[in-house]
Each structure stands twice: as C-alpha cells, then as structure tokens.
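[1] Below is the sequence, then the predicted model.
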Amino acid sequence: MSDRTRADLEIIRDCSDSLFRIHREFKEHGNPAEEYSDELGSKDLRDVFGEFSDTWKKTRKKLMKDIENLAKFTKTAADTYDDVDHKLAEALRDARKKSKGKK
C-alpha cells in the first residue's frame with residue numbers, strides 16, 4: 001500500500017450528486033409495474049406483475065436507503081478530504097512563516 005493517499009474530490013462529489021439524483025428518482029417514481037396492470041390483459045400475467053410489484057416495493061425501500069447512505073457517505077468524504085487539505089495547507093504555511101521568523 002502506498003504511503004500517500006490521493007482523492008479526486010470532483011469525482012467523489014459527482015458520485016455523491018449522482019447518487020442523490022438516483023435516490024430522488026426512486027422516491028418520485030415508485031413502481032413501474034403498477035402503471036401497466038390494466039394493459040396486461042391476462043390474469044396470470046397480472047399476477048406475476050403483482051408479485052413483482054410486492055417484491056419491488058420491499059427491495060426498493062432497502063435500495064433507496066442504501067443509495068441515500070452512500071450518497072451521504074461520499075459527500076462527507078469529499079467535504080472531509082477538502083477540510084483536511086485546507087487545514088494541512090494552513091499548517092504548512094504557518095510552519096513556513098515561523099521558520100522564516102527564526103532566521
């Protein structure tokens with residue numbers, strides 16, 4: 001493992017934004033199978049879609065929670081990396097000023 005860590009904050013922030021958009025889409029557009037129940041015709045096919053719908057509702061809730069958590073995690077990671085970078089740069093500037101003052 002390397003002794004340095006590199007993080008592309010723009011990519012991490014883009015990832016977070018994309019995950020929040022996906023979460024919003026899941027929230028705003030519930031179950032796509034519900035829209036077609038009348039058009040399916042066959043009772044057997046409607047039953048299959050009904051089963052899919054029930055399973056999808058449960059799976060969707062868990063997936064939405066996981067997506068939301070990952071979006072929050074990536075946002076926090078980018079913010080934290082950015083904060084640490086600024087604090088490190090400030091500490092280095094302060095150390096440089098102090099070393100110049102001692103000469």
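    Great, that's in hand.
[2] what's the least confident helix or strand in the protein, going by average pLDDT?
    helix 43-101 (a mean of 90; mean pLDDT, DSSP states H and E).
[3] quick check, distance from it to the centre of its chain.
    What separates the centre of helix 43-101 from the centre of its chain is 4 Å, taken as Cα atoms, centre = their mean, to the nearest Å.
[4] who does it touch, helix- and strand-wise?
    Counting contacts by 3 or more Cβ pairs under 8 Å, 6 or more residues apart in numbering; DSSP states H and E, helix 43-101 is packed against helix 9-28. Where you see a C-beta, it was placed from the backbone N, CA and C, and this is true even at glycine.
[5] Contacts only, for residue 71.
    Contacts of residue 71 were listed using Cβ atoms under 8 Å, 6 or more residues apart in numbering, and they are 16, 19, 20, 23.
[6] Same list (these) but as CSV, adding neighbour count, pLDDT and distance to residue 94.
    CSV is the format used below for these (neighbours: other Cβ atoms under 10 Å; pLDDT from 0 to 100; distance: Cβ to Cβ, whole Å):
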residue, neighbour count, pLDDT, distance to residue 94
16, 20, 95, 31
19, 20, 95, 37
20, 17, 95, 36
23, 20, 93, 41
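[7] Out of these, the closest to residue 98 would be?
    The shortest distance between residue 98 and any of those, using Cβ to Cβ, involves residue 16 and amounts to 37.0 Å.
[8] Please name the residues that touch that closest one.
    With contacts taken as Cβ under 8 Å, 6+ apart, residue 16 has the following neighbours: 71, 72, 74, 75, 78.
[9] do residue 69 as well
    By Cβ under 8 Å, 6+ apart, the contact list for residue 69 is empty.
[10] From the centroid of this protein, which residue is nearest?
    Per Cα atoms, centre = their mean, the C-alpha nearest to the average position across the chain is that of residue 71, at 2.1 Å.
[11] That concludes my questions; thank you for your assistance.
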